[in-house]
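*Asks:* kindly generate the corresponding structure for this input.
(one chain, ligands or ions: 1)
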Amino acid sequence: MAVVSFMLVLAFLILSIASPSNGGITSSYVRKTAASVDLPFDSLTSPPGYNAPEQVHITQGDHVGRGVIVSWVTPLEPGSKFVTYWKVGDDEHKKQAHASTNTYKFANYTSGFIHHATIKNLEYNTKYIYEVGNNNATRRFFFTTPPEVGPDVPYTFGVIGDLGQTYDSKQTLEHYNSNPKGQAVLFVGDLSYADHYPLHDNRRWDSWARLVEKNAAYQPWIWAAGNHEIDFLPENGETVPFKPFKHRYHVPYKASQSTSPLWYSVKRASAHIIVLSSYSAYGKYTPQYNWLETEFTKVNRSETPWLIVLLHSPWYNSDNYHFMEGESMRVMFEPWFVQNKVDIVFSGHVHAYERSERISNIAYKVSNGQCTPVLDPSAPVYITIGDGGNIEGLANNFTDPQPSYSAFREASFGHALLELKNRTHAYYSWHRNQDSERVVGDSLWFYNRHWYPQKESSDAATMA
Ligand SMILES: [Fe+2]
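*Replies:* Now for the predicted structure:
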């Protein structure tokens, strides 16, 4: 009897691991169901030493990867406004870059001294050491510049979204750190979740930056802004959106002729990466609309075959959380994405993982009623990766049945890797936190839309 019961339970478990439905696969992997809890503030401490630089992070500092913006905070006084850097093995030739320094107030909070230094004209594919601080409180880090931009240059990006600062966030970060392949992070918005606290307690922006330093000081994070960066609190006098984010996270937006750090582009290895803002105006004639229209004309697939877009609020997802919130931006921009054969769109916002088929929904006119997504080989794959582990917990409420545009979905925390191999192929994998890094929760060989626009095959069911 016990054996029969065991067999029945086993059969149930096997059937419930992945259940194909109307569309692709909805994985019912046994995931964490307990609420996410923020790490205690006191556990995210400042480094030792008087006025020691903290919250160190880097991002790309120009359009092609020869620049790095180094950012750090000194808590008590401005301290040294220079970053010193040198090539590994060449400490005879140390150089310095000067930082701009600012502070800001938010409600009853006053920030430390926030420094941003742009290092320019670095050599490609070279490891540099850099140092910030002075006296007894200098801290040393390193980074490696990317190879020169070119069509067959391999490069591996990590992809993380909606990270926050919980025990789960820490696990996501450590999980990503444990993979030696990642060279830079594509971050799809929602950083600290400081706005979860009364008066958006901006000390939680500080603690978040201390948490991510162990990766973000060594690899550039390419930033996109999410709704938790808006920090709009008019009842407490905070009427300028994105104030903490813009003070703390500088990006090289002017290098792509953008007028705002919230939308811009960079080229890195074989990728042209466009960052958009879901929470800035994007209607016709707005600065973001005009910029994107021009930006697409600058993309050269012979130089950068891979065209990747980061934006926070997904255009296609099938979770009941935030469903359709990206719709108005989709209506404005989707025809351009199909016309320009964008390879992949990474989004966050929904705290689950989902990958779409290549689909578009651009036939609709107000009178024709054609409002169903269709398979389209010129369309991007849409990946929702807002599963970094923040305090709001998992979005574990998918629409049922799974729509045909959804290839794979699972409500687990994790991160992804995108390994660009050459101009035609890229290997993509998603890694859930509960597994070791070797285990792949979802994967796909991407075929480049410009150079090799063949149909990719995944294990997901094909559309009906
Ligand atoms: Fe969000």
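*Asks:* flag every residue of the stretch 101-250 of the chain that's near the ion.
*Replies:* Contact residues (C-beta under 5 Å from the ion) of the stretch 101-250 of the chain with the ion: 190, 226-227. The way it works is simple: take the backbone N, C-alpha and C, and place the C-beta from them, glycine included.
*Asks:* tell me the secondary structure of residue 292, please.
*Replies:* helix (DSSP: H, G, I helix; E, B strand; the rest coil).
*Asks:* got it, and the one 3 residues further on?
*Replies:* Reduced to three states with three-state DSSP, the structure at residue 295 is helix.
*Asks:* looking at it, it is touching residue 256, isn't it?
*Replies:* Yes: taking C-beta atoms under 8 Å as the definition, residue 295 is a contact partner of residue 256 at 6.8 Å.
*Asks:* quick revisit: closest one of the residues of the stretch 101-250 of the chain next to the ion to residue 390?
*Replies:* Minimum distance to residue 390 across those is 6.7 Å, recorded for residue 190 (C-beta to C-beta).
*Asks:* surely residue 67 touches residue 117?
*Replies:* No: with contact defined as C-beta under 8 Å, residue 67 does not reach residue 117; the gap is 10.7 Å.
*Asks:* neighbour-wise, which of the two wins?
*Replies:* Shown here are residue 67 and residue 117; by other C-beta atoms under 10 Å, residue 117 has more neighbours (25 against 21).
*Asks:* what score does the nearest residue to that one once chain neighbours are set aside have for pLDDT?
*Replies:* Of all residues not flanking residue 117 in the chain, residue 99 sits nearest, at 3.8 Å (C-beta to C-beta, 6 or more residues apart in numbering). We have a pLDDT of 98 for residue 99.
*Asks:* ok, the host helix or strand of residue 99: who's next to it in the sheet?
*Replies:* Using DSSP states H and E, residue 99 sits within strand 95-102. Sheet pairing of strand 95-102 (DSSP bridges) gives strand 82-87 (antiparallel), strand 113-119 (antiparallel).
*Asks:* including mean pLDDT, could these go into JSON lines?
*Replies:* As requested, the strands paired with strand 95-102 are arranged in JSON lines below (pLDDT from 0 to 100):
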{"stretch": "strand 82-87", "mean pLDDT": "98"}
{"stretch": "strand 113-119", "mean pLDDT": "98"}
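*Asks:* where's the one residue in the chain that gets nearest to the ion relative to residue 181, distance?
*Replies:* Residue of the chain nearest the ion, by C-beta to the ion: residue 349 (3.8 Å). Note on residue 349: its distance to residue 181, by C-beta to C-beta, to the nearest Å, is 26 Å.
*Asks:* between the two, which one's more packed in?
*Replies:* The neighbour count for residue 349 versus residue 181, taken as other C-beta under 10 Å, is higher for residue 349 (27 against 12).
*Asks:* hmm, residue 310 and that one touching each other?
*Replies:* No: between residue 349 and residue 310 there is no contact under C-beta under 8 Å: 11.9 Å.
*Asks:* list residues touching both of these two?
*Replies:* residue 189 (C-beta atoms under 8 Å, 6 or more residues apart in numbering).
*Asks:* show the average pLDDT along whatever helix or strand residue 336 lives in.
*Replies:* Assigned by DSSP H and E, residue 336 belongs to helix 327-339. Taken as a whole, helix 327-339 has an average pLDDT of 98.
*Asks:* report the central residue of the chain.
*Replies:* Centroid-nearest residue in the chain, with C-alpha atoms, centre = their mean: residue 187, separated by 1.7 Å.
*Asks:* list the contacts for it?
*Replies:* Contacts of residue 187 (C-beta under 8 Å, 6+ apart): 160-161, 163, 221-224, 310.
*Asks:* with residue 338 instead?
*Replies:* Residue 338 sits in contact with 360, 362, 376, 378-379, where contact means C-beta under 8 Å, 6+ apart.
*Asks:* how about the helices in the stretch 201-350 of the chain?
*Replies:* In the stretch 201-350 of the chain, the helices defined using DSSP state H, counting those that start in this stretch lie at 203-216, 243-248, 287-298, 327-339.
*Asks:* other SSEs contacting the third one?
*Replies:* On a contact count with 3 or more C-beta pairs under 8 Å, 6 or more residues apart in numbering; DSSP states H and E, helix 287-298 meets helix 327-339.
*Asks:* go with 10 Å
*Replies:* Judged by 3 or more C-beta pairs under 10 Å, 6 or more residues apart in numbering; DSSP states H and E, the packing partners of helix 287-298 are strand 264-268, strand 271-275, helix 327-339.
*Asks:* just to revisit the earlier point, I'd like the helices of the stretch 201-350 of the chain written out as JSON lines, with distance to residue 156 added.
*Replies:* Putting these into JSON lines (distance: least, C-beta to C-beta, whole Å) gives the following:
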{"stretch": "helix 203-216", "distance to residue 156": "14"}
{"stretch": "helix 243-248", "distance to residue 156": "26"}
{"stretch": "helix 287-298", "distance to residue 156": "24"}
{"stretch": "helix 327-339", "distance to residue 156": "24"}
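*Asks:* out of those helices, which comes closest to residue 237?
*Replies:* Per C-beta to C-beta, nearest to residue 237 of those: helix 243-248, 10.9 Å.
*Asks:* what helices or strands is that closest one leaning on?
*Replies:* Short answer (3+ C-beta pairs under 10 Å, 6+ apart): helix 243-248 packs on strand 105-106, strand 113-119, helix 203-216.
*Asks:* in the sheet, which residues pair with the residue nearest to residue 224 when sequence neighbours are not counted? Tell me.
*Replies:* Leaving aside its sequence neighbours, residue 224 sits nearest to residue 310 (C-beta to C-beta, 6+ apart; 4.2 Å). Under DSSP bridges, the beta-bridge partners of residue 310 are residue 275, residue 346.
*Asks:* what residues are up against residue 310?
*Replies:* 159, 161, 186-189, 222-225, 263, 265, 273-276, 344-348 (C-beta atoms under 10 Å, 6 or more residues apart in numbering).
*Asks:* and residue 453, what does it touch?
*Replies:* Applying C-beta under 10 Å, 6+ apart, the residues near residue 453 are 341, 343, 358, 377-378, 424, 447.
*Asks:* do residue 281 as well
*Replies:* Residue 281 touches 287-289, counting by C-beta under 10 Å, 6+ apart.
*Asks:* for the stretch 301-450 of the chain, which residues are neighbours of the ion?
*Replies:* So the stretch 301-450 of the chain meets the ion at residue 349 (C-beta under 5 Å from the ion).
*Asks:* for the residue nearest to the centre of the chain, which non-adjacent residue is spatially closest?
*Replies:* residue 221 (4.9 Å).
*Asks:* what of residue 258?
*Replies:* Closest to residue 258 by C-beta to C-beta, 6+ apart is residue 264, at 4.3 Å.
*Asks:* pairing partners for that neighbour in the sheet, please.
*Replies:* Partner residues in beta bridges with residue 264, using DSSP bridges, are residue 275.
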